[in-house]
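> next come a sequence and a model predicted from it.
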Amino acid sequence: SQQGEEDPQALSIQEGENATMNCSYKTSINNLQWYRQNSGRGLVHLILIRSNEREKHSGRLRVTLDTSKKSSSLLITASRAADTASYFCASAHNTDKLIFGTGTRLQVFP
Amino acid sequence: DGGITQSPKYLFRKEGQNVTLSCEQNLNHDAMYWYRQDPGQGLRLIYYSQIVNDFQKGDIAEGYSVSREKKESFPLTVTSAQKNPTAFYLCASSPFVINYGYTFGSGTRLTVV
């Protein structure tokens, strides 16, 4: 399987805490993307980091990319109950097909 | 507002039936994709199309068929050859340019009865 892997599979935290999820991929990439999925809904694009970038920010989101380790991390700072969702990384290779990871289920308790 | 629409939201299929899932976008995107998602798992690519009248198989195309007669539309047919079709199906589109994200529809949940 070409699927990437994410860890942890599930994460439970309190509101106000930071949440970190990690993603690994298998072959060289053009970019890596992170998506969010609320239960029973479609995915929403959060952020894209290109292969020549090491860190990117968007609001409370911070993404890092380490191409030597073929890994990325997503940090959500000051989490809120509304951040409860599944988060997926997706790697873009030589075509525009994305290969999705297995996802991290985040639960934020009020 | 531009977006991507999937219908129906819920679909029930009897054994041996073919069913068709609709996906329409008004984003003027060139590329469209169909993914399957099983409970607690990631997305697996079924078919994708980068241009009208052309499409390619993804990782799990067996038992599925598609057409791309119009830029806006990319319907997916789940045939009777698909032995385990119960899943959540997601359609997506993109501009077919590197370094752009996908826009997803809200999904169709298919159940075999």
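All right, it came through fine. Quick caveat: nothing in here was measured; it's all calculated off a predicted structure.
> got the contact list for residue 38?
Here I'm looking at chain A. By C-beta atoms under 8 Å, 6 or more residues apart in numbering or on different chains, the contact set of A:Asn38 is A:85-86. Quick note: C-beta positions are derived from backbone N, CA and C, even for glycine.
> right idea, wrong chain: chain B
By C-beta under 8 Å, 6+ apart, the residues touching B:Asp38 are B:87-88.
> check whether stretch B:85-101 comes near chain A.
Yes. Taking C-beta under 8 Å from any C-beta of the partner chain as the criterion, stretch B:85-101 and chain A are in contact, through B:88, B:90, B:92, B:94, B:96-101.
> neighbour-wise, which one of the residues you listed leads?
B:Ala92 (28 neighbours; other C-beta atoms under 10 Å in any protein chain shown).
> that one should be in a strand, yeah?
Yes. B:Ala92: assigned to a strand according to DSSP: H, G, I helix; E, B strand; the rest coil.
> so who does it touch?
A:43, B:4, B:32-33, B:35, B:102-105.
> biggest separation within these, which pair?
A:Leu43 and B:Met32 (14.6 Å; C-beta to C-beta).
> tell me which of the residues of stretch B:85-101 next to chain A fall in strands.
Using DSSP state E, the subset of those located in strands is B:88, B:90, B:92, B:94.
> list the contacts of the last one.
Going back to what we said before, that points to B:Ser94. A:96, B:29-31, B:33, B:100-103.
> what's the farthest-apart pair in those?
Going by C-beta to C-beta, the pair spanning those furthest: B:Asp30 and B:Gly101, at 14.5 Å.
> how about the nearest residue to the residue in chain A sticking out farthest from the centre, chain neighbours excluded?
For chain A, the residue at maximal distance from the C-alpha centroid (C-alpha atoms, centre = their mean) is A:Pro110, at 22.3 Å. With C-beta to C-beta, 6 or more residues apart in numbering or on different chains as the criterion, A:Pro110 has its nearest non-adjacent residue at 4.9 Å, and that residue is A:Ala81.
> now the strands for the chain?
Reading this off chain A. With DSSP E as the criterion, chain A has strands at A:5-7, A:10-14, A:19-24, A:31-37, A:43-50, A:55-58, A:61-66, A:71-76, A:85-92, A:98-100, A:104-109.
> switch to chain B, that's the one I care about
B:4-7, B:10-13, B:19-25, B:31-37, B:43-51, B:54-57, B:64-66, B:76-78, B:87-94, B:103-104, B:108-112.
> can you lay out the ones you listed as JSON lines showing distance to A:Gly59?
Formatted as JSON lines, the strands of chain B follow (distance: least, C-beta to C-beta, whole Å):
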{"stretch": "strand B:4-7", "distance to A:Gly59": "24"}
{"stretch": "strand B:10-13", "distance to A:Gly59": "34"}
{"stretch": "strand B:19-25", "distance to A:Gly59": "26"}
{"stretch": "strand B:31-37", "distance to A:Gly59": "26"}
{"stretch": "strand B:43-51", "distance to A:Gly59": "25"}
{"stretch": "strand B:54-57", "distance to A:Gly59": "36"}
{"stretch": "strand B:64-66", "distance to A:Gly59": "36"}
{"stretch": "strand B:76-78", "distance to A:Gly59": "34"}
{"stretch": "strand B:87-94", "distance to A:Gly59": "23"}
{"stretch": "strand B:103-104", "distance to A:Gly59": "19"}
{"stretch": "strand B:108-112", "distance to A:Gly59": "31"}
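> noted, bye for now.
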